[in-house]
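Enquirer: predicted structure and sequence below. I'll ask about it afterward.
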Amino acid sequence: MTRESESELLSFCAAQRGDFRADAWTQFDGVEKREMAVVCLFLAGVDWFGHEGGLRSAARKLLDGATISVAKLVIELKFDLPRFASRLKRKLNFPV
């Protein structure tokens, strides 16, 4: 995952937190589908973002129903999960 992808995802996630639309996650074309899927799966598993069901459903659609673990996607995409979580929390004005 590039810094540009990360930036696109951070902005998108921050906007969606307050105005969540499940279909927007599958229609967003600013990043590659697997990048969006790993973010969906990650956020579905944290207690501070919300929208767990919608995020899990979006991830399934983005992955065309394939079951793949967050850990595997993180490795494949070289996704810096702690960095992303910290930056998103700051963007949402949550304690880091």
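Expert: Okay, I see it. Residues are numbered from 1 along each chain as shown.
Enquirer: from here on, contacts and neighbour counts on C-alpha atoms
Expert: Fine.
Enquirer: excluding sequence neighbours, find me the nearest residue to Lys61.
Expert: Counting by Cα to Cα, 6 or more residues apart in numbering, Thr26 is the residue found nearest to Lys61 once chain neighbours are left out, at 7.0 Å.
Enquirer: is it true that that neighbour touches Arg60?
Expert: No: look at Thr26 against Arg60 with Cα atoms under 8 Å: they stay out of range, at 9.6 Å.
Enquirer: circling back to that earlier point, how far away is the residue nearest to Lys61 from Asn93?
Expert: Distance, Thr26 to Asn93, using Cα to Cα, to the nearest Å: 26 Å.
Enquirer: between these two, which has more neighbouring residues?
Expert: Thr26 (20 against 9; other Cα atoms under 10 Å).
Enquirer: how about residues contacting the helix or strand that one falls within?
Expert: Element membership of Thr26 [criterion: DSSP states H and E] is helix 22-27. Contacts with helix 22-27, where a contact means Cα atoms under 8 Å, 6 or more residues apart in numbering, come from Lys33, Met36, Gly54, Leu55, Ala58, Ala59, Lys61, Leu62.
Enquirer: what two of those residues are the furthest from one another?
Expert: Lys33 and Gly54 (15.9 Å; Cα to Cα).
Enquirer: neighbour count winner among these two?
Expert: Lys33 (19 against 16).
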